[in-house]
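Asker: starting from these lines, generate the structure:
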Amino acid sequence: MAARKLRFIDLFAGAGGLSEGLREAGYAALYANELEPEYARTYRRNHPGTPVETADIRTIDAARIRSELGLKRGELDLLAGGPPCQGFSINAPVRSVSDSRNHLFRDFLRFAEEFSPRAVLIENVPGLVSFSGGATLRAILDSLGSLGYRSDVAVLCAPWYRLSQTRWRTFVLGLKGGEAPGPAFPEPGLSCPARPNFACSFEGRPILKLPGPKAVPGRVTVREAIGDLPPLSNGERGAPVKGYASAPLNAYQERARAGSSGVLNHEAPRLSKINMERMALVAPGGNWKDIPDYLLPLGMRRASRSDHTKRYGRVEPDGLASTVLTKCDPHWGAYFHYDQERVFTVREAARIQSFPDRFAFGGTQTRQFAQVGNAVPPLLAMAVGVALEKSLK
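Answerer: Numbers count the residues shown, from 1 in each chain. A predicted model of the protein is given here:
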């Protein structure tokens, strides 16, 4: 008899990156909540068996959801999500506390209290660790403790988990009862140079999950992540579903193409004439410093040469990409393609985020970029899910 899949619900689900990773780890999503209708439509399209409620979580009755799912308290394996947490602490600055969105973590706690799941998983930005001098994170851990969870925090580095970008995320894990959650944080599989530019300690102890002796030296490069996708010119759209440029060249591409019938969301944004002129002067690994002042935006002409090191950058094919943000605008970072005269497409950004090619993004191209950039990278979520499963089972 097959073992029952671990069951979870996903709050603040976005387009479904966290759910995708947990699904790949063998979990089953019972319910998701997402306020943005376009994000919710993308979630439904890619998780057709999961009910998605598009509503403000503050208006949702957690007891109703538990009743509709037919679960007793304590039967849910995992409550997961990425609630805004920065305003939760009573010591947080007024500028943040005044934003009601920053209190949405209380609604996450409300669901945790109602469902009493075996585990809780919270994903957030690295800045959560130092926000308000650590008081916000301490308030989160104490609140989970009051509900019977022994919880801890770790910062995970994406390239150590086989992603081809420099990305750092904070994860809080809580387990019901007395078991310490430390072993539930995944061990890095790879080791490569990475230098965080934020606090990596909490209350005097290090929380960055470092590669251990079993980690293999190396990284997944940008070319290894996207090199099999068809070439495009600046502004080229082409067919909605395109063929691949080659057979899969490595394990990363094989995973990405599993279950795919072709390349979706692969249309090149159109750069302006001046951005094309800027890009022509930037070699792989270069950036805005390779562009003469008269071609730079006015604000950047006054910038120090030590500032904005990724702006108007062209990625190195055998290196890591910049953090995928909510748009691949060259003014924001190194988003020029390494050997094509254009910026990344939505599909390339999704590949770098580790979304499988069968995962389709809806809405305008601008909204598609936002869905990708705001998502939890599925490979990172899968690593957390696999490690957590060992503790839950």
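Asker: was I right to think Thr309 contacts Asn287?
Answerer: Yes: using CB atoms under 8 Å, Thr309 is in contact with Asn287, at 6.1 Å. In short, each C-beta sits where N, CA and C put it, glycine included.
Asker: ok, those two, which is more surrounded?
Answerer: For Thr309 versus Asn287, the count of surrounding residues by other CB atoms under 10 Å is larger for Asn287: 19 against 13.
Asker: quick one, longest helix in the protein?
Answerer: Assignment by DSSP state H gives helix 378-392 as the longest helix of the chain.
Asker: how about the strands of the stretch 151-300 of the chain, start to end?
Answerer: Assigned strands in the stretch 151-300 of the chain, in chain order: 168-176, 190-191, 201-202, 205-206, 216-217 (criterion: DSSP state E, counting those that start in this stretch).
Asker: from the chain's centre, how far out does stretch 188-199 sit?
Answerer: On the basis of CA atoms, centre = their mean, to the nearest Å, stretch 188-199 sits 16 Å off its chain's mean C-alpha point.
Asker: what's that stretch in contact with?
Answerer: With contact meaning CB atoms under 8 Å, 6 or more residues apart in numbering, stretch 188-199 is reached by 126-127, 129-130, 155-157, 159-162, 166, 168, 208-212, 215-220, 320, 383.
Asker: give me the below-cutoff pLDDT ranges for this structure.
Answerer: Counting by pLDDT under 70, the ranges of the chain that qualify are 1-2, 85-102, 308.
Asker: tell me the residue furthest from the middle of it?
Answerer: For the chain, the residue at maximal distance from the C-alpha centroid (CA atoms, centre = their mean) is Tyr294, at 36.6 Å.
Asker: got the contact list for Glu203?
Answerer: Counting by CB under 8 Å, 6+ apart, Glu203 has contacts 134, 138.
Asker: can you do 7 Å?
Answerer: Glu203 is in contact with Gly134, counting by CB atoms under 7 Å, 6 or more residues apart in numbering.
Asker: the one 5 residues further on too?
Answerer: When the contact criterion is CB under 7 Å, 6+ apart, the partners of Leu208 are 155, 196, 200.
Asker: tell me the spacing between the second one and Cys157.
Answerer: When CB to CB, to the nearest Å is the yardstick, Pro196 and Cys157 sit 8 Å from each other.
Asker: shared neighbours of these two, anything?
Answerer: Taking CB under 7 Å, 6+ apart as the criterion, Pro196 and Cys157 both touch Trp168.
Asker: the more surrounded of those two?
Answerer: The neighbour count for Pro196 versus Cys157, taken as other CB under 10 Å, is higher for Cys157 (25 against 12).
Asker: excluding sequence neighbours, find me the nearest residue to that one.
Answerer: Ala194 (5.1 Å; CB to CB, 6 or more residues apart in numbering).
Asker: all helices for the stretch 51-200 of the chain, in order.
Answerer: 62-69, 94-97, 105-115, 135-146 (DSSP state H, counting those that start in this stretch).
Asker: how about those in TSV, adding mean neighbour count and distance to Asn234?
Answerer: Output for the helices of the stretch 51-200 of the chain, formatted as TSV (neighbours: other CB atoms under 10 Å; distance: least, CB to CB, whole Å):
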stretch	mean neighbour count	distance to Asn234
helix 62-69	15	47
helix 94-97	13	40
helix 105-115	20	42
helix 135-146	18	43
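Asker: picking up where we left off before, need the buried ones from the contacts of stretch 188-199 selected in PyMOL.
Answerer: Buried residues within those, by 16 or more other CB atoms under 10 Å, are selected in PyMOL with:
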select buried, resi 126+129+155+156+157+159+160+161+162+166+168+208+209+211+219+220+320+383
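Asker: so what pairs up with Leu78 in the strands?
Answerer: On DSSP bridges, the residues paired with Leu78 through beta bridges are Phe8, Ala119.
Asker: that one touches Leu11, doesn't it?
Answerer: No: using CB atoms under 7 Å, Leu78 is not in contact with Leu11; the gap is 11.2 Å.
Asker: residue boundaries of the helices in the stretch 251-393 of the chain?
Answerer: Under DSSP H, counting those that start in this stretch, the stretch 251-393 of the chain gives helices at 251-257, 273-280, 298-301, 346-352, 365-373, 378-392.
Asker: switch the ones you listed over to JSON lines; also include distance to Gly16.
Answerer: Listed next are the helices of the stretch 251-393 of the chain as JSON lines, based on distance: least, CB to CB, whole Å:
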{"stretch": "helix 251-257", "distance to Gly16": "16"}
{"stretch": "helix 273-280", "distance to Gly16": "32"}
{"stretch": "helix 298-301", "distance to Gly16": "36"}
{"stretch": "helix 346-352", "distance to Gly16": "12"}
{"stretch": "helix 365-373", "distance to Gly16": "9"}
{"stretch": "helix 378-392", "distance to Gly16": "9"}
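Asker: so for Arg314, which of those helices sits nearest?
Answerer: Set against Arg314 and scored by CB to CB, the helices of the stretch 251-393 of the chain come closest in helix 273-280, at 7.1 Å.
Asker: the closest residue to Asp77 other than its chain neighbours and Phe115, how far apart?
Answerer: Distances taken as CB to CB, 6+ apart place Leu6 nearest to Asp77, at 4.2 Å, with adjacent residues excluded. According to CB to CB, Leu6 stands 14 Å off from Phe115.
Asker: please apply the same query to Phe105.
Answerer: Distance of Phe105 to Phe115, given as CB to CB: 16 Å.
Asker: what's the answer for Leu379, then?
Answerer: For Leu379, the distance to Phe115 (CB to CB) stands at 27 Å.
Asker: and what of Gly145?
Answerer: Distance, Gly145 to Phe115, by CB to CB: 17 Å.
Asker: could you do Ala215 as well?
Answerer: Remark: distance between Ala215 and Phe115 (CB to CB) = 35 Å.
Asker: again, but for Glu36
Answerer: Relative to Phe115, Glu36 is positioned 23 Å away (CB to CB).
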